[in-house]
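> Just a sequence and a predicted model for now, questions to come.
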Amino acid sequence: GFSGNPGLKGSSGESALSYHSAFSVGLSEAVSTTNVPIRFNKFFYNDQHHYDDVSGKFRCVLPGVYFFTYHLTVYMKDVKVSLYMNDKPIMFTFDKYQDSNVDQASGSIILRLEAGDEVWLQVYGDEASLGVYADNTNDSTFSGFLLYPDVPAAARKR
Amino acid sequence: GFSGNPGLKGSSGESALSYHSAFSVGLSEAVSTTNVPIRFNKFFYNDQHHYDDVSGKFRCVLPGVYFFTYHLTVYMKDVKVSLYMNDKPIMFTFDKYQDSNVDQASGSIILRLEAGDEVWLQVYGDEASLGVYADNTNDSTFSGFLLYPDVPAAARKR
Amino acid sequence: GFSGNPGLKGSSGESALSYHSAFSVGLSEAVSTTNVPIRFNKFFYNDQHHYDDVSGKFRCVLPGVYFFTYHLTVYMKDVKVSLYMNDKPIMFTFDKYQDSNVDQASGSIILRLEAGDEVWLQVYGDEASLGVYADNTNDSTFSGFLLYPDVPAAARKR
Ligand SMILES: [Ca+2]
Ligand SMILES: [Ca+2]
Ligand SMILES: [Ca+2]
């Protein structure tokens, strides 16, 4: 008899290309409240809408390893800021303001997140710590991105 | 009849592995001119040559989402710097210099770029803002990298 | 005759998903020794154990392009820090401490590493440069991650 039909072509490989989660946000004015998430309201990038400007929190949708970084203008008061993961402060940045000497404070961290985990910045301490400043020519920013997605074993071995 | 021919081997997975664009540059001396791109002339990494030290600009070849960061030594004068995307300043860092108190100023941002888009740093204001300093033991740097390439749908579905 | 057997399933695509190398570490107390690697002993992320807290060094296992960043609290003394690659200091950060004005100093760099290459931070100069501070509410951190793995041509073309 005739030769049978050729087999099906194999499925194409799994790739990292579809796993995107990144945000880069700023402030339009100085932070005015302590002990609540800082609500960044200026958007440089937030295509996946994983940073929520209503809550002020980044909420993890794609589990994996994330990088976060922030750069804050220190003006008129000291800056005391914590980076929170869920309800726990896990990193602290303190920069003293003195004598009209405007400063810049910053921090970076890498964290493994599960879906639903939230990460945000918050001023701790009293009103004397409200030195996170911003206006038209002074930015204070918060950015983050998914570095390594957790890929289901099924997808990886396929 | 005979067994059919074996199927074609699956096409190799489209991966992010071939999309590389990164640069990390520094200054060998203090910035001396305002309102023009800062020309970083010390190279830590620039394998794809997407940062051009003649123009002082990073020029996007691979469209996608990029991360940029800079760290500047503040010495002798104040530092007023803007990060430009094409002809528009989109982020501003100000750090005041005072009383021989050398400082460090920094910023980070995530941006979606199209091929041909340019990103650079520039001092704004007058000569009193020329405090971006560098010498053998004081670095001022600018780095950036492609985070998520835009991959043509054709390549992704293959 | 009968239809032939289906062809073999295609091999899964080579992807960047399996190349992970990242660390994010902090200090629990101020640095007390100059001219030796700073040993960060607080771990935010180190799943691959590529940062070694005994030597204080990140050791490259997966060759490729890496991003490194550090953020240091400047308190009580000046901060003079070098980022080393193997036995060579390649980036320098200096931030002066003055008048109880706590500051923040930071740096970032992108480097191509081969397997076995080591990267670390080190205070240079004398005891007056030992201003890298940390305690429960003041972090000083060092983070890094593999950005683009070098993938053997064989794996890429498969
Ligand atoms: Ca200052
Ligand atoms: Ca200082
Ligand atoms: Ca300060």
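Yep, it's here. Numbering: from 1, shown residues only, chains lettered A, B, ... in the order given. Ligands and ions are numbered 1, 2, ... in the order given.
> Show me the beta-bridge partners of A:D95.
In this entry, A:D95 is beta-bridged to A:V79, by DSSP bridges.
> Next up, the contacts around the residue in chain A that ligand 2 sits nearest to.
At 7.5 Å from ligand 2, A:D103 is the closest residue in chain A, using Cβ to the ion. Where C-beta positions appear, they are placed from N, C-alpha and C, glycine not excepted. Taking Cβ atoms under 8 Å, 6 or more residues apart in numbering or on different chains, we find A:D103 in contact with A:73-74, A:95-97, B:95-96, B:103, B:105, C:101, C:103-104.
> If we use 7 Å, what do you get?
A:74, A:95, A:97, B:95, B:103, C:103 (Cβ atoms under 7 Å, 6 or more residues apart in numbering or on different chains).
> and those residues near ligand 1, which?
Applying Cβ under 5 Å from the ion, the subset of those adjacent to ligand 1 comprises B:95, B:103.
> With distance to C:D52 added, can I get the contacts of A:D103 in CSV?
Shown next, in CSV, are the contacts of A:D103 (distance: Cβ to Cβ, whole Å):
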residue, distance to C:D52
A:V74, 34
A:D95, 30
A:Y97, 37
B:D95, 34
B:D103, 32
C:D103, 29
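> what's the nearest residue to A:L113 if we skip its chain neighbours?
Leaving out its chain neighbours, the residue that sits closest to A:L113 by Cβ to Cβ, 6 or more residues apart in numbering or on different chains is A:C60, at 4.1 Å.
> How many residues are close by A:A134?
22 (other Cβ atoms under 10 Å in any protein chain shown).
> The nearest residue to it once chain neighbours are set aside: neighbour count?
Excluding its sequence neighbours, the residue lying closest to A:A134 (Cβ to Cβ, 6+ apart) is A:L27, at 3.7 Å. Applying other Cβ under 10 Å, we find 22 residues neighbouring A:L27.
> now swap in the one 4 residues further on and tell me
Residues within reach of A:V31, counting by other Cβ under 10 Å, total 24.
> swap in A:V74?
Around A:V74 there are 27 residues (other Cβ under 10 Å).
> SS state for it?
At A:V74 the chain is in strand, as set by DSSP: H, G, I helix; E, B strand; the rest coil.
> Please name the bridge partners of it.
A:D103, A:V132.
> so it sits right up against A:A134, yeah?
No - at 11.2 Å, A:V74 and A:A134 do not qualify as touching, with contact defined as Cβ atoms under 7 Å.
> can you pull out the strands in chain A?
A:22-26, A:42-45, A:51-52, A:57-59, A:64-85, A:88-95, A:103-113, A:118-123, A:130-133, A:141-149 (DSSP state E).
> of all those strands, which lies closest to B:F67?
B:F67 lies closest to strand A:141-149 among the strands of chain A, at 6.7 Å (Cβ to Cβ).
> ok, residues contacting that closest one?
Identification of contacts with strand A:141-149 by Cβ under 7 Å, 6+ apart yields A:16, A:19-26, A:40, A:58, A:62, A:64-71, A:110, A:119, A:121, B:67, B:107-110, B:147, C:20, C:22, C:145.
> Weed out the non-buried ones from those residues.
Applying 16 or more other Cβ atoms under 10 Å in any protein chain shown to these, the neighbour count classes A:16, A:19-26, A:40, A:58, A:62, A:64-71, A:110, A:119, A:121, B:67, B:107-110, B:147, C:20, C:22, C:145 as buried.
> hang on, the earlier thing: can I get the strands of chain A in JSON lines with mean pLDDT?
As requested, these are exported to JSON lines (pLDDT from 0 to 100):
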{"stretch": "strand A:22-26", "mean pLDDT": "98"}
{"stretch": "strand A:42-45", "mean pLDDT": "98"}
{"stretch": "strand A:51-52", "mean pLDDT": "98"}
{"stretch": "strand A:57-59", "mean pLDDT": "98"}
{"stretch": "strand A:64-85", "mean pLDDT": "98"}
{"stretch": "strand A:88-95", "mean pLDDT": "98"}
{"stretch": "strand A:103-113", "mean pLDDT": "98"}
{"stretch": "strand A:118-123", "mean pLDDT": "98"}
{"stretch": "strand A:130-133", "mean pLDDT": "98"}
{"stretch": "strand A:141-149", "mean pLDDT": "98"}
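> tally of neighbours for the residue nearest to A:L113?
22.
> hang on, it packs against A:L111?
No - look at A:C60 against A:L111 with Cβ under 7 Å: they stay out of range, at 9.4 Å.
> For chain A, which residues are neighbours of ligand 1?
A:101, A:103.
> ok, whichever residue of chain A sits closest to ligand 3 to C:F68 distance?
For chain A, the residue closest to ligand 3 is A:D103, as judged by Cβ to the ion, at 4.0 Å. Using Cβ to Cβ, to the nearest Å, one gets 23 Å for the distance from A:D103 to C:F68.
> what bridges to the closest residue to A:S108 other than its chain neighbours?
Closest residue to A:S108 apart from its sequence neighbours, by Cβ to Cβ, 6+ apart: A:T69 at 4.2 Å. Following DSSP bridges, A:T69 is listed with bridge partners A:S108, A:S143.
> what's near enough to touch A:T69?
Applying Cβ under 7 Å, 6+ apart to A:T69 gives the contacts A:106-108, A:143, B:108.
> A:N46: neighbour count?
17.
> Pretty sure it sits against A:F23.
Yes - here A:N46 reaches A:F23: they are 4.7 Å apart, a contact under Cβ under 7 Å.
> could I get the strands of chain A as TSV with distance to C:D126?
Below are these laid out as TSV (distance: least, Cβ to Cβ, whole Å):
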stretch	distance to C:D126
strand A:22-26	40
strand A:42-45	42
strand A:51-52	44
strand A:57-59	42
strand A:64-85	29
strand A:88-95	25
strand A:103-113	25
strand A:118-123	36
strand A:130-133	32
strand A:141-149	36
